[in-house]
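Chemist: Have a look; sequence and predicted model below, questions after that.
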Amino acid sequence: MNRRTIAEIRNLKGTNGQYLWIPSLSAGDPATIAGEPYVSAIDMPDVAPNSTPIIYGDYFRAYTIVDSVNMEVLRNDYIASNNGIVVFYFYKYTGGQVVLADALVKLQIPA
């Protein structure tokens, strides 16, 4: 969810009258919503009718990040050859994808 969605959730209360959002009380502990830590993502939509502003689930099971061990080096003798400088470019490839979509749930706002 994005920051605007978090701002709206901060005002919600449960059936016992307690707020669902609980701030972090000590360094290193995350703030939680209903006891679950959350992450803010700027590319999620705002709360609006028929939108899905929240994705809930276990991201460790749902998403895999692949990080290559190899690194490629490109030597460029021409870009600063007037000064006798050799420029090196280093490339490392990283990727990721959803591997278990059932571990995530999109929460939709009704119309």
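Modeler: That came through fine.

Chemist: Please count neighbours and contacts with C-alpha atoms only from this point.
Modeler: Will do.

Chemist: check contacts around the residue nearest in space to the middle of the chain.
Modeler: By Cα atoms, centre = their mean, the mean C-alpha position of the chain lies nearest to residue 41, the distance being 5.0 Å. For residue 41, the contact set (Cα atoms under 8 Å, 6 or more residues apart in numbering) comprises 1, 2, 3.

Chemist: Please name the spatially closest residue to the last one (chain neighbours excluded).
Modeler: Going back to what we said before, that points to residue 3. Nearest residue to residue 3 in three dimensions, chain neighbours excluded: residue 40, at 6.2 Å (Cα to Cα, 6 or more residues apart in numbering).

Chemist: My guess is that neighbour contacts residue 2. True?
Modeler: Yes. With contacts counted by Cα atoms under 8 Å, residue 40 reaches residue 2, the gap being 5.1 Å.

Chemist: what residues go with each domain of the protein?
Modeler: For the chain, the structural domains run 1-45, 48-111, going by automatic domain parsing.

Chemist: Include mean pLDDT when you put the ones you listed into CSV, please.
Modeler: Output for these, formatted as CSV (pLDDT from 0 to 100):
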stretch, mean pLDDT
domain 1-45, 88
domain 48-111, 90
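
Chemist: Assign the residue with the largest distance to the centre of the chain to helix, strand or coil.
Modeler: For the chain, the residue at maximal distance from the C-alpha centroid (Cα atoms, centre = their mean) is residue 82, at 44.0 Å. Following DSSP: H, G, I helix; E, B strand; the rest coil, the label given to residue 82 is helix.

Chemist: and it, what does it touch?
Modeler: No contacts exist for residue 82 under Cα under 8 Å, 6+ apart.

Chemist: thinking again about what came up before, in PyMOL, select just the buried ones from the contacts of residue 41.
Modeler: This is the PyMOL syntax for the buried subset of these, where burial follows 16 or more other Cα atoms under 10 Å:
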select buried, resi 1+2
